[in-house]
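1. coords below, sequence missing:
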């Protein structure tokens, strides 16, 4: 559909060699002014564009960062992207984002495409499928090309690159400890993302704290995965499952390992007539929209998504600006914090 | 940081002319096999990459669509992007997304950059600043280059391109009519996005219906713009303003012109001890996360964001596959629907 004119077509029409046209476009002193002018005139007429890479080669930089995200319906990644954008923007970098929708194949294609269009570096959160398949060859190519990569949140030990993560286990331990400190003894852990590594770490943390406390019991519920947005039917089933769970178990606190689990717990408690936090204390993960707009407002583990994104961008920009031979990669841990709102005592 | 080798450097090291190296890389029969092999060997050694545009020129297509979105923290645009991605993916197209954060300057830069990297077409929702400045020169360039553009949701009459919109005025009229039909007489309209054209259309629709009904009164509240995510302080102020408004006005229904306004109305009603929908019926716009996870569940105008995105992608893909001389642009209206949940009678 787009009508492009090639160097060859310009050369043919001008009755010049391709090399002469190419030199003329670069105002090469070898070529006469008259010819240079003729070439520029026709090139302008056809709106001939010198190719992007050739231009970028001048400075060896495109001032563009490629972002690979697993999904965008999750507010956490949207916020991380917001943080990346703000930080990169300060340094005059552009951001190009590709969404894998949790697909390994798409991740491979997008990494290749962005590398091909010569982004200066990558910020990546791995797709669920890539984590399950444990295949990372597509990142080896970037290493070979000396293109720096920073991974955040969804990372892998098998890739040697800078990483920014939150300590999900510690975060979960702190949340459970807070529930215990405020008098809760029969704690439930509910998750709708049991497949993900982050959920497993959070569950581990919860178990460890409870195991150390004889007075405290733990009960666990893992409902259907909600990684990609739920259909209405699915959502209703998740609600029903959580409602039944709350009705049939004698508990005084819920730690939702994801925001959805916590939000649904609050709504089903309303439905069952339980008072929050009088009857049940609730803590969630991810300080997203649902936490801010639940009633009562949700006490939540903030993973500081925006800060996480900004930190990843800072590390990448620093690498881009200061090339270090035999660079040693590092993993930074962004501290989580428990934001105390109204759903706990 | 990335070490790139140029044609010139290859030529110098091989002691050949640039043109010979270039021809060798294309296996030009003019050049001897021996030279071709030498060139390929060194090019491989340095991982020399032919430029992306040159490759794409072969087919005149990059099979890539550029998306320009005003923001990503808004679930509506995230869902539209999800719809675009799904549709484009079916046809084997890749999606590259740039976020303007409501900035005119960024919109100009991203349109230029994506055009420069030869995306086959654009799907755009205008930034707030672009709408306010009413400056659209950056889209003229695409027209000149024969790059098709489809705009959705945030569009302008001054750009001649395909558009996909929802009829915000009709949607709002239907919502108000529903409130009247279910016995409401003292209706408030609350918005936190009064700056946007869509909010103005929604307000117009509400006023028209109320004006036709002598029995019904309308009261309006526009609070601080929440286009970019609110800070906690800002959010608290918005809540306080809406709480005061609900306390000081005798109303039996609220139409929130955006999801945030409706969600806060529900929470402040809880706080004030008003029962929903017994004391106040509430309808919101945008069937996003907040609507699904509010308590009681929000009756809402669904703008079918995913469908809107998919429709925009279909129109663009159709243009890319079937080039029509003197193409006449069109505007498609995606119907909204009122999803009746538990916040209305």
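-> Sure thing, it's come through. Because the structure is a prediction, the values reported are computed rather than measured. Numbers count the residues shown, from 1 in each chain, chains lettered A, B, ... in the order given.
2. can you pull out the helices in chain A?
-> A:7-14, A:18-25, A:33-45, A:52-59, A:75-90, A:104-116, A:128-133, A:137-144, A:168-181, A:197-211, A:232-248, A:259-272, A:289-292, A:305-321 (DSSP state H).
3. how about residue A:293, what does it touch?
-> Shown in contact with residue A:293 (CB atoms under 8 Å, 6 or more residues apart in numbering or on different chains): B:260, B:263-264, B:267, B:290, B:294. C-beta here means a position set from N, CA and C on the backbone, and glycine is covered the same way.
4. try it again with 6 Å
-> B:263, B:290 (CB atoms under 6 Å, 6 or more residues apart in numbering or on different chains).
5. and the one 4 residues further on, by the same measure?
-> For residue A:297, the set of contacting residues under the criterion of CB under 6 Å, 6+ apart consists of A:341-342.
6. measure it to residue B:27 for me?
-> Relative to residue B:27, residue A:297 is positioned 67 Å away (CB to CB, to the nearest Å).
7. and what of residue A:42?
-> For residue A:42, the distance to residue B:27 equals 28 Å [CB to CB].
8. more neighbours, these two?
-> Each of residue A:42 and residue B:27 has its neighbours counted (other CB atoms under 10 Å in any protein chain shown); residue A:42 has more, 19 against 11.
9. what does the stretch 201-345 of chain A put close to chain B?
-> Residues of the stretch 201-345 of chain A lying close to chain B by CB under 6 Å from any CB of the partner chain are A:263, A:267, A:270, A:289-290, A:293, A:295, A:320, A:323.
10. could you identify the most distant pair in those?
-> Greatest spatial distance among these (CB to CB): A:270 and A:323, at 56.4 Å.
11. so between the two, which is more surrounded?
-> For the pair residue A:270 and residue A:323, the greater number of neighbours falls to residue A:270 (16 against 12), based on other CB under 10 Å.
12. give the contact list for the more buried one.
-> Residue A:270 sits next to residue B:295 when contact means CB under 6 Å, 6+ apart.
13. redo that, cut-off 8 Å
-> Contact analysis of residue A:270 by CB under 8 Å, 6+ apart lists A:276, B:295.
14. equivalent analysis for residue A:249, please.
-> Applying CB under 8 Å, 6+ apart, we find residue A:249 in contact with A:188, A:219.
15. one more: residue A:108?
-> Residue A:108 makes contacts with residue A:138, as judged by CB under 8 Å, 6+ apart.
16. okay, and for the stretch 151-300 of chain A, where does confidence drop off?
-> Counting by pLDDT under 70, the stretch 151-300 of chain A has low-confidence residues at A:225-232.
17. residues in the stretch 51-200 of chain A within reach of chain B, list them.
-> Contact residues, the stretch 51-200 of chain A versus chain B (CB under 8 Å from any CB of the partner chain): A:51-54, A:57, A:60, A:64, A:72-73, A:75, A:78-79, A:81-82, A:85-86, A:89, A:94-99, A:101, A:106, A:109-110, A:113, A:116-118, A:120-121, A:144-148.
18. report the buried members of these.
-> Neighbour-count burial (16 or more other CB atoms under 10 Å in any protein chain shown) is assigned, among these, to A:51-53, A:57, A:64, A:72-73, A:75, A:78-79, A:81-82, A:85, A:89, A:94-99, A:101, A:106, A:110, A:113, A:116-118, A:120-121, A:147-148.
19. please tell me I have it right and residue A:190 contacts residue A:257.
-> Yes: at 7.0 Å, residue A:190 and residue A:257 qualify as touching, with contact defined as CB atoms under 8 Å.
20. more neighbours, the two?
-> More crowded of residue A:190 and residue A:257, by other CB under 10 Å: residue A:257, with 32 against 27.
21. nearest spatial neighbour of the more buried one, skipping sequence neighbours?
-> The shortest distance from residue A:257 to any non-neighbouring residue, by CB to CB, 6 or more residues apart in numbering or on different chains, is to residue A:191 (3.7 Å).
22. residue A:238 now?
-> Among residues not flanking residue A:238 along the chain, residue A:223 sits closest, at 5.1 Å (CB to CB, 6+ apart).
23. quick one, what contacts the one you found?
-> Counting by CB under 8 Å, 6+ apart, residue A:223 has contacts A:190-192, A:238, A:241-242, A:261.
24. one more pass at 6 Å, please.
-> So residue A:223 contacts A:192, A:238, A:241 (CB under 6 Å, 6+ apart).
25. contacting residues around residue A:319?
-> residue A:148.
26. before we move on, what about residue A:296?
-> Residues near residue A:296 by CB under 6 Å, 6+ apart: A:276, A:342-343.
27. switch the cut-off to 8 Å
-> By CB under 8 Å, 6+ apart, the residues touching residue A:296 are A:266, A:276-277, A:341-343.
28. do you know how far it is from residue A:189?
-> Residue A:296 is 20 Å from residue A:189, by CB to CB.
29. what of residue A:309?
-> Separation of residue A:309 from residue A:189 (CB to CB): 27 Å.
30. with neighbour numbers in mind, choose between the two.
-> Regarding residue A:309 and residue A:189, a neighbour count based on other CB under 10 Å identifies residue A:309 as having more, with 30 against 25.
31. which residue sits closest to the more buried one, ignoring its sequence neighbours?
-> Nearest one to residue A:309, counting by CB to CB, 6+ apart, is residue A:83 at 2.9 Å.
32. what sits against that neighbour?
-> A:305-311, A:313 are the contacts of residue A:83 under CB under 8 Å, 6+ apart.
33. likewise residue A:259?
-> Applying CB under 8 Å, 6+ apart, we find residue A:259 in contact with A:75, A:284-286, A:288, A:290-291, A:298, A:300.
34. closest one to chain B out of those, please.
-> Using CB to the nearest CB, residue A:290 is the member of the contacts of residue A:259 that lies nearest chain B, at 5.2 Å.
35. how many other residues sit next to the closest residue in space to that closest one that isn't next to it in sequence?
-> Using CB to CB, 6+ apart and skipping the chain neighbours, the partner closest in space to residue A:290 is residue A:263 (4.2 Å). Neighbour count of residue A:263, defined by other CB under 10 Å: 26.
36. same deal with the one 3 residues further on?
-> Close neighbours of residue A:266, defined as other CB under 10 Å, add up to 26.
37. likewise residue A:41?
-> 11.
38. and it, how far is that from residue A:19?
-> Using CB to CB, we find residue A:41 at a distance of 19 Å from residue A:19.
39. wait, what's in contact with the residue lying closest to residue A:84 once chain neighbours are set aside?
-> With sequence-adjacent residues excluded and distances taken as CB to CB, 6+ apart, residue A:84 is closest to residue A:309, at 4.1 Å. When contacts are counted by CB under 8 Å, 6+ apart, residue A:309 touches A:79-85, A:87, A:123, A:152.
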